[in-house]
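# Structure for the following, please:
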Amino acid sequence: MTEHRSPLAAGLKAILEHRRLAGVLWLGLLVSALPAWFAFGGLFGAVDGSPFRESLLRGWDSWAFLSFVGANERGIKVAFAAIGLGLLLSLVLDLLLTTGAVRVLLSGLPRPVLRRTVAEGAALFRPVAWAFARYVVSLALWIGFLVAAPVALLMKAAGKNAPPNGPLATLALVWGVVAAVVVLANVNLRFHLARVVLARGAAPDARRSYRAAKAALRGARARGIGLWLFWLLAGAAIQAAFTALGVRMNPGTGAGVAALVLVRQAGFLLLAATRVGYQASLVSFEESRRP
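This next block holds a predicted model:
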């Protein structure tokens with residue numbers, strides 16, 4: 001990506017030029033959802049064959065739900081284990097495929113995609129995994145220091161008998177939300193910029209890639225946070241729109257359920273496209289901040 005353009009324009013342009021790359025990231029989302037899909041498919045089949053089906057379909061019935069859970073304890077455990085497996089698989093595939101996607105974006109070649117994305121991501125998996133571990137530790141430390149501790153002090157200063165909408169309690173709520181967003185944006189930006197630096201080959205390990213990411217953000221942190229917010233809100237808007245569409249469809253037949261699945265997957269494909277746009281924006285941002 002050598003042509004100079006604004007990071008946001010570069011991201012939007014990449015969505016149009018790298019549609020296959022969005023498809024690869026969508027495949028990662030699909031594969032990570034398969035364990036939960038099969039586990040909950042069997043569980044919902046048990047619901048259809050149980051005496052609690054009609055009570056649950058009429059609306060929330062606590063007694064019917066608890067009775068169903070008690071009668072299908074093994075299925076519930078398998079479903080939650082599948083969720084955990086899916087989350088772990090999602091993390092591994094994100095580290096693998098998104099890193100490979102950054103290398104594809106840096107090359108500027110829109111095809112071939114799948115093989116290159118997997119191969120490039122595998123080549124950088126170890127340093128990117130270390131960078132992610134640093135991301136998790138940094139996020140936990142900064143959330144504790146800049147979010148949890150000030151909120152706890154403000155709530156303590158407000159006192160146990162203070163009204164929930166008092167000035168200190170309100171300040172604690174506002175501080176918690178704003179500080180959490182700023183911390184998450186800053187730590188997320190540093191991790192993804194460090195990944196761009198690793199993908200470009202400008203640093204051999206996670207520590208030096210984080211140092212380069214910090215230098216890229218110096219004096220331009222607000223711009224970086226703006227990019228993060230734009231792509232975050234774009235993805236959230238897409239998911240909200242397709243979720244609302246799915247609720248409105250309210251299928252009652254097998255064909256309707258199949259149509260609902262297709263609509264939801266279209267939403268996930270567009271979500272993957274926003275991830276391509278975000279990474280392309282960061283590649284352009286890092287290039288513009290390079291000495």
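
# got the contact list for the closest residue in space to residue 97 that isn't next to it in sequence?
Spatial nearest neighbour of residue 97, excluding adjacent residues (Cβ to Cβ, 6 or more residues apart in numbering): residue 28 at 4.6 Å. C-beta: built from backbone N, CA, C; applies to glycine. By Cβ atoms under 8 Å, 6 or more residues apart in numbering, the contact set of residue 28 is 90, 93, 94, 96, 97, 272.

# go on, residue 189?
With contacts defined as Cβ under 8 Å, 6+ apart, residue 189 is in contact with 213, 217, 221, 224, 225, 227, 228, 282.

# Go through those residues and say which is closest to residue 191.
Checking those against residue 191 by Cβ to Cβ gives residue 213 as the nearest, at 7.7 Å.

# Test my guess that that closest one contacts residue 186.
No - the pair residue 213 and residue 186 fails to qualify as a contact (Cβ atoms under 8 Å) at a distance of 10.6 Å.

# Out of the two, name the residue with the larger neighbour count.
For residue 213 versus residue 186, the count of surrounding residues by other Cβ atoms under 10 Å is larger for residue 213: 26 against 19.

# name the element the more buried one belongs to?
Counting by DSSP states H and E, the element that carries residue 213 is helix 206-217.

# One more: residue 243?
Using DSSP H and E, the secondary-structure element containing residue 243 is helix 221-249.

# mind listing what's buried in that helix?
The neighbour-count criterion (16 or more other Cβ atoms under 10 Å) identifies 221, 223-225, 227-228, 230-232, 234-235, 238-239, 242, 246 as the buried residues of helix 221-249.

# what comes into contact with the helix holding residue 213?
Contact partners of helix 206-217, identified using Cβ under 8 Å, 6+ apart, comprise 127-128, 130-131, 133-134, 186, 189-191, 193-198, 202-203, 224, 285-286, 289-290.

# returning to that earlier point: out of the contacts of residue 189, which comes closest to residue 259?
Out of the contacts of residue 189, the member with the shortest distance to residue 259 (by Cβ to Cβ) is residue 228, at 34.0 Å.

# what's near enough to touch that closest one?
Contacts of residue 228 were listed using Cβ under 8 Å, 6+ apart, and they are 185, 188, 189, 278.

# Relative to residue 138, how far out is the third one?
Relative to residue 138, residue 189 is positioned 11 Å away (Cβ to Cβ, to the nearest Å).

# Now do the host helix or strand of residue 189: distance to the chain's middle.
Per DSSP H and E: residue 189 is located in helix 167-200. Relative to the centre of its chain, helix 167-200 is centred 14 Å away, using Cα atoms, centre = their mean, to the nearest Å.
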